[in-house]
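**Q** take this sequence and fold it.
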Amino acid sequence: MGKFGGFGGGMGNMQQLMRQAQKMQQEMMEAQEELKTIEVTGTSGGGLVEVTMTCEKQVSAVKIKPEAVDPDDIEMLEDLIVASFNDATAKAEEIREEKLGKFAGLGV
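**A** Numbers count the residues shown, from 1 in each chain. Below you'll find the model as predicted:
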C-alpha cells in the first residue's frame with residue numbers, strides 16, 4: 001500500500017500544470033495578436049508586382065508598376081499578381097510557424 005499512497009503531492013503537481021497551461025495559453029494569444037500586426041511583402045516579375053499582407057493573411061496593399069501593365073497581355077499581369085500573393089502567403093506562413101509552432105497540437 002505504501003507504493004500508491006500519498007496522493008497529496010499530486011495536487012501540487014496539478015496546480016503547477018494548470019499554471020503552466022494558463023501561461024502557455026496567454027503566450028499563444030499574445031503570439032496570435034502579434035501576427036495580426038506583422039506584415040510581409042511578396043513580389044514577382046523582379047518587383048513589378050508587390051502584395052503586402054499580415055501574417056493573418058489580410059491583404060493590405062497591392063502595388064503594380066506601370067511597366068507591368070500591357071493591355072495586350074492582361075494574363076501576364078494576372079499571373080504576376082497571383083505569384084506575388086503566393087510569395088507573400090509563403091512568407092506569412094513561415095513567420096506564423098515560427099511564432100506558433102511551439103503551440104502545435106493545442107488547436108492553433
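**Q** for the residue positioned nearest the centre of the chain, give me its contacts.
**A** Residue closest to the average C-alpha location in the chain (CA atoms, centre = their mean): Arg96, at 2.5 Å. Shown in contact with Arg96 (CB atoms under 8 Å, 6 or more residues apart in numbering): 35, 55. C-beta here means a position set from N, CA and C on the backbone, and glycine is covered the same way.
**Q** host element of it?
**A** If you go by DSSP states H and E, Arg96 is part of helix 74-100.
**Q** low-confidence ranges, the chain, go.
**A** For the chain, the stretches with pLDDT under 70 are 1-10, 105-108.
**Q** list the buried residues of the lengthiest helix in the chain.
**A** Counting by DSSP state H, the longest helix found in the chain is helix 8-37. Of the residues in helix 8-37, 28, 31-32, 35 count as buried by neighbour count, 16 or more other CB atoms under 10 Å.
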